[in-house]
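Asker: okay, structure incoming, though there's no sequence with it:
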């Protein structure tokens, strides 16, 4: 009996030593992260706090300067009186999860930032109207600072992220658990979009035995986020991982927890903006919305299109008249050019543009395509030629900055197009788009859209990537998504990427 007991103790000791060796081996597989990556979350939070503070102070300073300029006064910019106000802004931003905004999409960040900023300013406006002496600046300054803050906070956050990428501290370390192409796609996606604040530093095979993966010792690393590609993980792996993190097995070893588990949905076509979680007494459900296919969002979008079109048309009218004059003087022919495109419900409409080509452009195109197979292939893919000999001198400049698209505001006013939406297609291309064209024809085409801000002419005009982006937009539409696309369009136009 005593011999059996000794053998049992000896066997347990051997198993314990084997586990320790395996544990040490797995520890060695954990990434050795530099200081900036280990403390990335803190560095990102501090940099955004500084950025927002500077943005709010500059907004107030500019508002005071504008008031002094208009009234010819010399009001002093008193910074210390703003400390309680700045703290109020920062507290609301913290409350809304804007620090360090890890994993927050640009669209969601625009929405949350604008709503939070509006909330605080409305609170301050209420105080000002109730007791004007409660604040040391006028209602004009408050209103001007409000409008400036909406722009400056967004812009300076973008600059802060750009600096963070240059200094290599933007992006906290994350691990991806998967064993297939989807895991690889997520890794590539996060590396290309470090602005989201997640930097993949470890890929773990989701189909391996749990005990032989770094997940056993992941709590000893600086990684605080796990991205789980559930359809690329074994059932046993999912159960063990979630059980360990949920029941706190790691605590018995004195380790820190992994506070953030992100489970990737297999419904890739849905997107995230149009999905709302639904709690069914402890069961998780997802409500899939189809925003731009419903009546009221369409009506609201139409009203917004008209207001923005009228505003832009009024302030830009002198510039547009100058473009028209230059086009008229540069080469013979009309100022405008129209193309037949397919719109909502399959209706054919004439899309307006500034003329950028010679008067006999269509005839010359047929000659070019028939004599040059390479140009014909390029035209079939992009519906444009990169070095098109038909373009006039002024036309080349106008195209570089997409100014030829501005007359489509006429189509917007007529209700044939929207400011943002899927790009209108040619009638002879309907069959090439397959079943996707049914979704496309349920909405108004746009002057700009997801396809334009993701590379424009560098992506195929009929390709699957364009169809995926347009479907994503239709199903996930919101005012905030339109604002984001308009902002990104301005950036694309100024960068001139993919424009010719």
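Answerer: Now that the structure is in, tell me what you want to look at. Everything numeric in this text was worked out from a predicted model, so none of it was measured.

Asker: now the strands for the chain?
Answerer: 172-177, 198-204, 225-228, 260-263, 275-280, 283-288, 336-342, 348-354, 418-420, 446-448 (DSSP state E).

Asker: could I get the ones you listed as CSV with mean neighbour count and mean pLDDT?
Answerer: (C-beta placed from N, C-alpha, C; glycine too.) Below are these laid out as CSV (neighbours: other CB atoms under 10 Å; pLDDT from 0 to 100):
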stretch, mean neighbour count, mean pLDDT
strand 172-177, 24, 92
strand 198-204, 20, 91
strand 225-228, 22, 89
strand 260-263, 14, 84
strand 275-280, 10, 70
strand 283-288, 10, 70
strand 336-342, 16, 90
strand 348-354, 18, 94
strand 418-420, 26, 94
strand 446-448, 25, 93
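
Asker: those strands: which one's closest to residue 490?
Answerer: Nearest to residue 490, of all the strands of the chain, is strand 446-448, at 9.5 Å by CB to CB.

Asker: contacts for the closest one?
Answerer: 405, 408-409, 412, 417-423, 485-486, 489 (CB atoms under 8 Å, 6 or more residues apart in numbering).

Asker: adding distance to residue 260, write the residues you listed out as a markdown table.
Answerer: Output for the contacts of strand 446-448, formatted as a markdown table (distance: CB to CB, whole Å):
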| residue | distance to residue 260 |
| --- | --- |
| 405 | 42 |
| 408 | 44 |
| 409 | 45 |
| 412 | 43 |
| 417 | 42 |
| 418 | 37 |
| 419 | 37 |
| 420 | 33 |
| 421 | 35 |
| 422 | 35 |
| 423 | 37 |
| 485 | 29 |
| 486 | 32 |
| 489 | 33 |
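
Asker: now that we have those residues, which of them are buried?
Answerer: With burial judged by 16 or more other CB atoms under 10 Å, the buried subset of the contacts of strand 446-448 is 405, 408-409, 412, 417-423, 485, 489.

Asker: what's the closest of those to residue 210?
Answerer: Nearest to residue 210 among the buried ones among the contacts of strand 446-448, with distances taken as CB to CB, is residue 485, at 42.9 Å.

Asker: now do the helices in the stretch 101-250 of the chain.
Answerer: Along the stretch 101-250 of the chain, counting by DSSP state H, counting those that start in this stretch, helices occupy 106-130, 139-166, 181-192, 235-247.

Asker: dump these to TSV, plus mean neighbour count.
Answerer: TSV is the format used below for these (neighbours: other CB atoms under 10 Å):
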stretch	mean neighbour count
helix 106-130	16
helix 139-166	17
helix 181-192	15
helix 235-247	15
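
Asker: for those, which one sits closest to residue 312?
Answerer: Between the helices of the stretch 101-250 of the chain, helix 139-166 lies closest to residue 312; by CB to CB that is 16.3 Å.

Asker: now that closest one: average pLDDT?
Answerer: Mean pLDDT, computed over helix 139-166, is 91.

Asker: and the angle from it to helix 106-130?
Answerer: Relative orientation of helix 139-166 and helix 106-130, computed by axes from the mean of the first three to the mean of the last three CA atoms, to 10 degrees: 150 degrees.

Asker: show me what helix 139-166 is packed up against.
Answerer: helix 40-71, helix 106-130 (3 or more CB pairs under 8 Å, 6 or more residues apart in numbering; DSSP states H and E).

Asker: avg pLDDT for the first one?
Answerer: If you average the pLDDT over helix 40-71, you get 91.

Asker: then the last one?
Answerer: This predicted structure assigns helix 106-130 an average pLDDT of 87.

Asker: same question, stretch 90-97
Answerer: Stretch 90-97 comes out at a mean pLDDT of 94.

Asker: begin at 52 from now on, thanks
Answerer: Got it, the first residue is 52 from now on, which makes the last one we talked about stretch 141-148.

Asker: centre of the chain to that stretch, how far?
Answerer: Relative to its parent chain, stretch 141-148 has a centroid offset of 21 Å by CA atoms, centre = their mean, to the nearest Å.

Asker: so which of the helices of the stretch 152-301 of the chain is nearest residue 345?
Answerer: Going by CB to CB, the one of the helices of the stretch 152-301 of the chain nearest residue 345 is helix 157-181, 18.7 Å.

Asker: next one: the closest one to chain centre, how far?
Answerer: Per CA atoms, centre = their mean, the centroid offset for helix 157-181 relative to its chain is 21 Å.

Asker: so what secondary structure elements neighbour that helix?
Answerer: Against helix 157-181 (3+ CB pairs under 8 Å, 6+ apart) you get helix 134-146, helix 190-217, helix 530-546.

Asker: remind me which residues of the stretch 402-551 of the chain are low pLDDT?
Answerer: Applying pLDDT under 70 to the stretch 402-551 of the chain flags residues 431-433, 506-514, 547-551.

Asker: ok, back up a step: take the helices and strands packed on helix 190-217 and lay them out in TSV including distance to residue 494.
Answerer: As requested, the helices and strands packed on helix 190-217 are exported to TSV (distance: least, CB to CB, whole Å):
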stretch	distance to residue 494
helix 91-122	35
helix 157-181	18
